[in-house]
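A.B. asks: When you get a sec, could you give me coordinates for this:
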Amino acid sequence: MIEWRDEFILGIEKIDEQHKKLFQIASEIYAAMKNQLITDKYDEIVRLITELKDYTVFHFTYEEEYMHSIGYRKLLSHKVEHHDFIEKISNTDYSRIDKDQDQYLMELLNFTVEWIANHIMKTDRAYIIK
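C.D. replies: Numbers count the residues shown, from 1 in each chain. Here you go, the predicted model:
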C-alpha cells in the first residue's frame, strides 16, 4: 500500500491537500479489501468508486483552473490525462464487481495508486517546473 510521502509535495498547499485526500480514498479502498468481516462488499465498493470519481472531478477542475491561471502551455494534454482517468472510473462494469469483490478492489487500488503517484510525480510536477 502506498502512503503519502513528502516527495509528493508540489508546494501548492490546496493541491497538496487534495492529493492527500486522494491517498486517503486509496487507503479506504485498501481497508475495504482487507476487511474480512464483511462478506458482501458491493455497496462499499460502489460508494468508494463514487467517492473517487466525485473527488477527482473536483480536484481535476481545481488543478486545471490553477494551470490556466499560470498560463501552463501543456494544459490540454494534462486535461486529457484527467479525462482518461475519469472515463476509466466512469466505465466501471458493476456486474463484474460481484464475481470477485476482493480481486476487484485490488485492481481498483492498484490502478488508483499507480495512476495518482505517477501523475503527481511526472505530469503534475511538470507544471511546477514550467
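A.B. asks: which residue ranges form the helices in the protein?
C.D. replies: For the chain, the helices defined by DSSP state H cover 13-34, 42-69, 75-90, 94-97, 101-118, 125-129.
A.B. asks: and the longest one, what does it pack onto?
C.D. replies: What it means is helix 42-69. Using 3 or more C-beta pairs under 8 Å, 6 or more residues apart in numbering; DSSP states H and E, the elements in contact with helix 42-69 are helix 13-34, helix 75-90, helix 94-97, helix 101-118. Quick note: C-beta positions are derived from backbone N, CA and C, even for glycine.
A.B. asks: who's in contact with the first one?
C.D. replies: Yep, that's helix 13-34 we're talking about. By C-beta atoms under 8 Å, 6 or more residues apart in numbering, the residues outside helix 13-34 that reach it are 1-4, 8-10, 38, 41, 44-45, 48, 51-52, 55-56, 58-59, 62-63, 66, 102, 105-106, 108-109, 112-113, 116, 120, 124.
A.B. asks: pLDDT (mean, whole number) over it?
C.D. replies: Helix 13-34 shows a mean pLDDT of 95 in the predicted model.
A.B. asks: Specify the angle between that helix and helix 101-118 in degrees.
C.D. replies: With axes from the mean of the first three to the mean of the last three C-alpha atoms, to 10 degrees defining the directions, helix 13-34 sits at 160 degrees from helix 101-118.
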